[in-house]
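# build the 3D model from these lines:
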Amino acid sequence: MKMTIFLTLIFSIIAFSGCQTASTTTVTNSTTATDSAAQTEIKQISIAEAKDATSGKNQQFIDVRTPEEYAGGHAPSTALFPLDSLEKDLAKLDKTKPVYVICQTGRRSQKGAEILHKAGFTEVYNIKGGTGAWIEAGFPTEK
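The predicted model follows:
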């Protein structure tokens, strides 16, 4: 009798643990799916595409690097919006115009683009390769 109760208890614990693992996996997968969907809304473009696109007047071209990095040289017509203060400065940007985001390598600009997308900006571009690739390609810069 005691053995039957013991085995039932062990079986119940194993079954309950299995349910917990499956539940956790489902939450993780749904979070990953949401993150992937958010990233598909942010267009990844090359520096050449950015250079062509940003020559017009109906867009915003922002650099999310630090002020020191920006002062060292940046793509022409970029406005400085450091990543660490981007969220508080969103009101300075127009949600109806395309926003091109650049940093040094493309990593911080991706984070900046995600902030913009979550804030309701509908046309957001992350510039792959960043300012480093911009300079390496011989494109003009300003100080």
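# next helix or strand past the worst-scoring helix or strand of the chain on mean pLDDT?
With mean pLDDT, DSSP states H and E as the measure, the helix or strand of the chain carrying the lowest mean pLDDT is helix 2-40 (a mean of 44). Beyond helix 2-40 on the C-terminal side, the first helix or strand identified by DSSP states H and E is strand 42-45.
# show me what the helix or strand following that following strand packs onto, helices and strands only.
As assigned by DSSP H and E, the chain's next helix or strand after strand 42-45 is helix 47-53. Counting contacts by 3 or more CB pairs under 8 Å, 6 or more residues apart in numbering; DSSP states H and E, helix 47-53 is packed against strand 99-102, strand 124-127, helix 130-136. From N, CA and C alone the C-beta is placed, and that goes for glycine too.
# among those, which comes closest to residue 75?
Proximity to residue 75 (CB to CB) singles out helix 130-136 among these, at 5.3 Å.
# buried ones in the closest one?
Within helix 130-136, the residues that count as buried by 16 or more other CB atoms under 10 Å are 130, 131, 133, 134, 135.
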